[in-house]
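Undergrad: sequence-free structure coming up:
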């Protein structure tokens, strides 16, 4: 199989990213061109730098997962949406869940996510300036045309499914950094994928994600390895 990744930047700041995980024999140029088209059309501006990389992946290493079950919470205001998200996290056993929004501010500048030990409050990312990237993932049987434009819900569900399967992960909380997309989610094996909207005001570019972790140092190392290196294909119902 092949892992294809696109990253676009503007003035050195991350602007857009997407990826494919394709079987040998797939139309690699068509999928690559779709990612390039997406990089050139983003609501936050035009890129001045685009990186497209391709890497071979052993098929035997690929993990196949069913997508998390989905439900939605519609709130009257962003504050009500955040309260609903906090309630879900508290039910999942996350201590001091109401304090997470302050930590969330630290994720805005990260290219990846914060990996947070929920019992000690310690950040566990090997590189705190970058964060952890859940990568090398895709939905099975995605056509090239579906990659040209971002499908917030579908792509978030794919990522959340992989994260929920990682060693030691209790839950994930995410808010999109796209100004025109105000939804976010809480996800875990126990709760499934819970889409919450709104979680921020329209026009705000503030967004990020936190992987909420419980475990020892060895488990944290396995978690990082799984999130960043293990290839995962998610079975998403159309």
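TA: The structure has been received and is ready for your questions. Here the structure is a predicted model, which means the values were calculated and not measured. Residues are numbered from 1 along each chain as shown.

Undergrad: residue nearest the centroid of the protein?
TA: residue 159 (4.6 Å; C-alpha atoms, centre = their mean).

Undergrad: tell me who's in contact with that one.
TA: Listed by C-beta atoms under 8 Å, 6 or more residues apart in numbering, the contact set of residue 159 reads 134, 137. Where C-beta positions appear, they are placed from N, C-alpha and C, glycine not excepted.

Undergrad: repeat that with 6 Å
TA: With contact taken as C-beta atoms under 6 Å, 6 or more residues apart in numbering, residue 159 is in contact with residue 134.

Undergrad: what about it, helix or strand, and which?
TA: helix 152-164 (DSSP states H and E).

Undergrad: buried ones in that helix?
TA: Going by neighbour count (16 or more other C-beta atoms under 10 Å), the buried part of helix 152-164 is 154, 155, 156, 157, 158, 159, 160, 161, 162, 163, 164.

Undergrad: what about it, average pLDDT?
TA: Mean pLDDT, helix 152-164: 96.

Undergrad: what does stretch 33-52 give?
TA: pLDDT averaged over stretch 33-52 gives 87.

Undergrad: repeat that for stretch 168-180.
TA: 93.

Undergrad: chain center to it: distance?
TA: Here stretch 168-180 shows a centroid-to-chain-centroid distance of 7 Å under the convention C-alpha atoms, centre = their mean, to the nearest Å.

Undergrad: got the contact list for it?
TA: Contacts for stretch 168-180 (C-beta under 6 Å, 6+ apart): 43, 89, 92, 160, 163, 184-188, 199-200, 203, 205, 207, 209-215, 219, 223.

Undergrad: drop anything exposed from those.
TA: So, by 16+ other C-beta under 10 Å, the buried ones in the contacts of stretch 168-180 are 89, 92, 160, 163, 184-188, 199-200, 207, 209-215, 223.

Undergrad: so which of those belong to helices?
TA: Among the buried ones among the contacts of stretch 168-180, the members falling in helices (DSSP state H) are 89, 160, 163, 223.

Undergrad: these two touch, right, the last one and residue 163?
TA: Meaning residue 223. No - judged on C-beta atoms under 6 Å, residue 223 makes no contact with residue 163 at a distance of 9.4 Å.

Undergrad: name the nearest residue to residue 152, sequence neighbours excluded.
TA: Excluding the flanking residues, the one nearest residue 152 by C-beta to C-beta, 6 or more residues apart in numbering is residue 181, at 5.3 Å.

Undergrad: neighbours of that neighbour, how many?
TA: Residue 181 is flanked by 20 other residues according to other C-beta atoms under 10 Å.

Undergrad: what does the one 10 residues further on give?
TA: As a burial measure, residue 191 scores 18 neighbours (other C-beta under 10 Å).

Undergrad: equivalent analysis for residue 77, please.
TA: 10.

Undergrad: now find how far off-centre stretch 132-141 is within its chain.
TA: With C-alpha atoms, centre = their mean, you get 9 Å for stretch 132-141.

Undergrad: what's the answer for stretch 14-34, then?
TA: With C-alpha atoms, centre = their mean, you get 17 Å for stretch 14-34.

Undergrad: now it: buried residues?
TA: Result for stretch 14-34 [16+ other C-beta under 10 Å]: buried residues 14-22, 26, 31-32, 34.

Undergrad: in helices, which of those residues fall?
TA: 31, 32, 34.

Undergrad: could you dump the residues you listed to TSV with distance to residue 123?
TA: Output for those, formatted as TSV (distance: C-beta to C-beta, whole Å):
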residue	distance to residue 123
31	35
32	35
34	35
